[in-house]
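*Asks:* How does the following fold in three dimensions:
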Amino acid sequence: RAATHRRVALGGHTSLTLTLNPKAPLQPPDFHFMGAESKVAALRSKLLEYLPRWNASRLPRLNLEAALQMPLPARGTSELEDVSSDCAICYAYNITMDDGEYVPEHNCDNPGCGRPYHACCLREWLQANSDTRQSFNVLFGACPYCSAPISVKLGV
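*Replies:* Numbers count the residues shown, from 1 in each chain. This is a model prediction of the structure:
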């Protein structure tokens, strides 16, 4: 199972999580982009546009490079800060809580920042900040790194 799942760091706190079908490894994988929406929207659009032209006789890496119109980074060639997907508040990737394990799922939408956060870390950070505002079950505040607007739902 572990060999079918990969996270590819694309740089700028943006990554692509892929899950290959072990029965058809050359077919298009399931994918999920992580990062600031301002950065991943164009990448997602390129990949979706390319899917009808996916060539099952080519390796998935080559198809992805053609779809995204960029070379994928080789292992160990990127700056650690650029590819890090650890939470920018607790500096961990996985955290275990009573109700399960969590990875950073919120990102700052500022293209110059894009740092990832666990929802629970961001929620706690915003609740401790006096400038944070609440509307229904959503907290609205500022990114801890760049002060751009950021929000997170309560109780999720």
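*Asks:* So which bits of stretch 131-140 are buried?
*Replies:* For stretch 131-140, a neighbour-count test (16 or more other C-beta atoms under 10 Å) marks 132, 139 as buried. C-beta: built from backbone N, CA, C; applies to glycine.
*Asks:* Can you tell me what sits against that stretch?
*Replies:* 123, 126-127, 141-142, 149-155 (C-beta atoms under 8 Å, 6 or more residues apart in numbering).
*Asks:* In ChimeraX, select just the buried ones from these.
*Replies:* Buried subset of these, written as a ChimeraX selection, criterion 16+ other C-beta under 10 Å:
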select :123,126,141,142,150,151,152
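*Asks:* What's the first helix or strand after the helix or strand of the chain with the lowest mean pLDDT?
*Replies:* Within the chain, no helix or strand scores below helix 80-83, which has a mean of 51 by mean pLDDT, DSSP states H and E. Next along the chain after helix 80-83, taking DSSP states H and E as the criterion, comes strand 95-97.
*Asks:* elements contacting that next one?
*Replies:* The contact analysis (3 or more C-beta pairs under 8 Å, 6 or more residues apart in numbering; DSSP states H and E) places strand 95-97 against strand 100-102, helix 119-128.
*Asks:* The nearest residue to residue 71 once chain neighbours are set aside: helix or strand, and which one exactly?
*Replies:* Of all residues not flanking residue 71 in the chain, residue 65 sits nearest, at 5.7 Å (C-beta to C-beta, 6 or more residues apart in numbering). Assigned by DSSP H and E, residue 65 belongs to helix 60-68.
*Asks:* next one: residue 41
*Replies:* Using DSSP H and E, residue 41 maps to helix 37-50.
*Asks:* And that helix, what does it pack against?
*Replies:* Applying 3+ C-beta pairs under 8 Å, 6+ apart, one finds that helix 37-50 contacts strand 14-19, strand 30-34, helix 60-68.
*Asks:* Fine by me, we can end here.
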